[in-house]
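> Below are the sequence and a predicted model for it; my questions follow.
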Amino acid sequence: MKVGLFIPCYVDQFYPQVAVATLELLERYGCEVHYPLKQTCCGQPMANSGFASMAGGCDKNFIANFSGYEYIVCPSGSCALHIKEHLHSAEEPNAAATIRERIYELTEFITDVLKLEGVKASFPHKVGLHVSCHGQRMLHLSSMSEKVEKPFSKAEALLSTVDGLELFRTSRADECCGFGGTFCVTEEAVSVSMGNTRIKEHLANGVHYITGGDMSCLMHLEGLLKRQKIDIKVIHLAEILNTQ
Amino acid sequence: MSQPATHHNKAAAAFLKNGQRAQWHDETLWFVRAKRDKAAHQIPEWEALRNLGSQIKEHTLSNLDEYLLQFEANAKKNGIKVHWANNAAEHNQIVYEILLHHNAVNVVKSKSMLTEECGLNHYLAERKISVVDTDLGEYIVQLRNEPPSHIVLPAIHLKKEDVSNTFHKHLHTEKNNQDPVYLTRAARQVLRKKFITADAAITGVNFAVAETGGIVVCTNEGNADLGVHANKVHIACMGFEKIIPRAQDLSVFLRLLARSATGQPITTYSSHFHRPKAGQEMHIVLVNNGRTEQLGREAFRNSLKCIRCAACFNTCPVYRRSGGHSYHNSVAGPIGSILAPNLDMRKNADLPFASTLCGSCTNVCPVKINIHEQLWSWRQVLMAEGYGGSAKKASMKLMTGVLSKPAVYRLSTGMARFFMRYLPFLVNNRLNPWYKQRDMPSAPKESFKDWYKKNRNHE
Ligand code: SF4
């Protein structure tokens, strides 16, 4: 199974360990993983700022990097979603459509394509799960509190098979953390207030780690935690699932 | 030409300055959202009901002209006088002329967001006609000379002590008496007199039924009924989008509305008005005010499905933390942010950005408006129309250029200005708003790309 690894630009720069964990995890479960070296950014920051019309170059570059893979896997629901919804090309419409179909968020890929029911991992800690909105509400990686539907969560199902891990839910199970891309600076005050609510609920649970499928949300929470000198660490799901 | 209003982010920051009050606002509205969840979960077919509501509205919008005319014909048959207003000014003038004709100088009004949208109170006040808002929340904000901050809970930004102070000042209640029963009684005494001594009553409309030519008004306080029954003139004002085809469609919308709004199975009063009672005159003003334009905007058309339940407000983490006034529009919250730019792009260009696009609004919406997608689409329209400013556009062009050329991207450390704006967490700079209350992520020894080249290069 030939997999193209799509690593969000900020993960490449600041959280290489998340990318390494994703790569190793996929390899462990039998994938042949390639990381196309000329990938840059999916263009989401521009599109969400209202400049999707200018993202043509990013799209072109993405298509050049990722055409030909059976699957494209990304350890971020948000970036995967952007590609799924907004990758377009006037010159290569078919290539774009194929990529839109073949892109997966990591836990989605593990659950729906690899069909793993569990992982061999051990993480004996109290862990809180942060549910990131794009993965949840748009990729439907878990049920949503607003909807009347059967509860499920791809991330929780995987985490529940990790040895020693004690998982805690927050009272507002899926409220947004306030990262929101450029929102985190254009609406700084609201963004911070939203992040602090999340942290307060995790603190009440007494967790040592906050995990999730999107490093961008975790980076925002980490920034707040560090500034307030709160002893909770953030860790990407891939890192937990990749522990031996 | 209109000027941009105070940017939402500034108003929101000011709102959040009072941390305790902001937290209270957030928690109070979250409580309403939780009640909505509970009510929805008691209906196993909830999602099917939402689909149905959405489809009825879809059908109605596709045949809006016919249903409006059918409604007009049936209403006239019932003895109601029907008026058409193309914009806010026409609406206000029509209402004024009806009042003038009856020498009405005291008017009681039950909640109508449309009259807020049209600025009716102010317009009539300038013409020496006094309008009293009789919904308790509306009455409170009216005494304070403030606009409502929420379309269902107009005074939700106020606490008991604020109401106590306001009533002490205007109704001479005891200073610092914050007992809700005491305060409500005081308001009731004043309002009862107003109902009886008024010359005319204005109401909003929740649903206008094309098939019957009647309207339905939903309240919890019965104030619409009191106003209408105590007066010789009833003027009901409604936007075009309030039309539904058949009376039986109410069985869908009445179930959805109150559950979504407050978690009640149904509002205390669902008042049906079909014709004037003996000796009474009944008028309906049908208002366009930009609605046909919105109908013509493919991407935004279904925002007209809105039944004004405010579920999207209550669930919105940004609304809960910034308060309704920060949206500088009669309808605030997520839905307001997609309705407002239709009325005035320049003034409201900030609103579609007052969202993280988390999508919770779309999920609670009883008529399934894709609110967060429309917020995204408005961003595209506003930037294309130049409301982002030329500097923003130029820096964006530069950057998308860089991001599409991997070789240049590798050397792009000089792109700090762009990163500060679009990937702000990558720039350690004290001017960077990220850094105000958050630490920067610490830089690792090497990027993943470099690690990969050393450890796995397949190329
Ligand atoms: S957009 Fe939907 S959720 Fe928001 S007020 Fe309208 S009907 Fe209610």
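Cool, got the structure.
> residues contacting B:Arg255?
B:43, B:49, B:265-266 (C-beta atoms under 8 Å, 6 or more residues apart in numbering or on different chains). For the C-beta atoms, the positions are set from N, CA and C on the backbone; glycine is no exception.
> Select only the buried ones of these in ChimeraX?
Buried members of the contacts of B:Arg255, defined by 16 or more other C-beta atoms under 10 Å in any protein chain shown, are picked up in ChimeraX with:
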select /B:43,49
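> Keep only the contacts of B:Arg255 that also lie close to chain A.
Restricting those to those near chain A by C-beta under 8 Å from any C-beta of the partner chain leaves B:Ile43.
> The contacts of B:Arg255 in helices, which ones?
The members of the contacts of B:Arg255 that map onto helices under DSSP state H are B:Leu49.
> Among the contacts of B:Arg255, which pair sits farthest apart?
B:Leu49 and B:Ile266 (13.5 Å; C-beta to C-beta).
> For A:Gly4, give me its contacts.
A:33-36, A:65-66, A:68-69, A:71-73.
> if you set the cut-off to 10 Å instead, what comes out?
A:33-36, A:39, A:65-74, A:99, A:102-103 (C-beta atoms under 10 Å, 6 or more residues apart in numbering or on different chains).
> Now which of the residues you listed would you call buried?
Buried among the contacts of A:Gly4 (16+ other C-beta under 10 Å): A:33-36, A:39, A:65-67, A:69, A:71-74, A:99, A:102-103.
> Close to chain B as well: tell me which of those qualify.
Residues of these in contact with chain B (C-beta under 10 Å from any C-beta of the partner chain): A:33-36, A:39, A:65.
> on that earlier part again, tell me, what's touching B:Leu49 and B:Ile266 both at once?
Once C-beta under 10 Å, 6+ apart is applied, the residues that B:Leu49 and B:Ile266 both contact turn out to be B:255, B:259.
> Please work out which residue of chain A is closest to the ligand.
A:Glu146 (10.3 Å; C-beta to the nearest ligand atom).
> Please tell me how far that residue sits from A:Asp214.
As judged by C-beta to C-beta, to the nearest Å, A:Glu146 and A:Asp214 stand 19 Å apart.
> what about the two, which has more around it?
More neighbours surround A:Asp214 than the other of A:Glu146 and A:Asp214, with 29 against 21 (other C-beta atoms under 10 Å in any protein chain shown).
> May I have the phi/psi pair for that one?
Backbone torsions of A:Asp214, given as degrees, to the nearest 10, read phi -130, psi 110.
> Which helix runs longest in chain A?
helix A:188-205.
> Does the next helix or strand after that helix pack against any helices or strands, and if so which?
Following helix A:188-205 in sequence order, the next helix or strand is strand A:209-212 (DSSP states H and E). Secondary structure elements in contact with strand A:209-212, counted by 3 or more C-beta pairs under 10 Å, 6 or more residues apart in numbering or on different chains; DSSP states H and E, are strand A:126-130, helix A:154-159, strand A:166-168, helix A:188-205, helix A:215-227, strand A:233-236, helix A:237-241.
> Show me what counts as buried in the first one.
The one in question is strand A:126-130. Buried, per 16+ other C-beta under 10 Å, within strand A:126-130: A:127-130.
> what do you get for stretch B:46-55?
Going by 16+ other C-beta under 10 Å, stretch B:46-55 has these buried residues: B:46, B:49-50, B:52-54.
> re earlier: please identify the most buried of the helices and strands packed on strand A:209-212.
helix A:237-241 (a mean of 25; mean count of other C-beta atoms under 10 Å in any protein chain shown).
> what about the nearest residue to A:Asp231 once chain neighbours are set aside, how many residues close to it?
Leaving out its chain neighbours, the residue that sits closest to A:Asp231 by C-beta to C-beta, 6 or more residues apart in numbering or on different chains is A:His208, at 7.7 Å. A:His208: 14 surrounding residues under other C-beta under 10 Å.
> Surely A:Phe109 touches A:Val33?
No: at 11.2 Å, A:Phe109 and A:Val33 do not qualify as touching, with contact defined as C-beta atoms under 10 Å.
> what's the overlap in contacts for the two?
A:3, A:22, A:26, A:71, A:73.
> Assign the third one to helix, strand or coil.
Spelled out, that is A:Leu26. Following DSSP: H, G, I helix; E, B strand; the rest coil, the label given to A:Leu26 is helix.
> What is the lowest-mean-pLDDT helix or strand in chain A packed up against?
Counting by mean pLDDT, DSSP states H and E, chain A has its least confident helix or strand at helix A:44-46, which shows a mean of 84. Applying 3+ C-beta pairs under 10 Å, 6+ apart, we find helix A:44-46 packed against helix A:9-14, helix A:56-66, helix A:77-86, helix B:390-403, helix B:416-422.
> can you list the domains in the chain?
Answering for chain A, as no chain was given. Annotated domains of chain A cover A:2-113, A:126-241 [automatic domain parsing].
> That was the other one, I meant chain B.
B:43-289, B:402-455.
> wait, what's in contact with the nearest residue to B:Cys312 once chain neighbours are set aside?
In space, and not counting its chain neighbours, B:Cys312 is closest to B:Cys361: 3.8 Å by C-beta to C-beta, 6+ apart. When contacts are counted by C-beta under 10 Å, 6+ apart, B:Cys361 is found next to A:146, B:311-316, B:318-319, B:333-335, B:337-338, B:355, B:369-372, B:374-375.
> Show the buried residues in those.
Neighbour counting by 16+ other C-beta under 10 Å classes A:146, B:311-316, B:318-319, B:333-335, B:337-338, B:355, B:369-372, B:374-375 among the contacts of B:Cys361 as buried.
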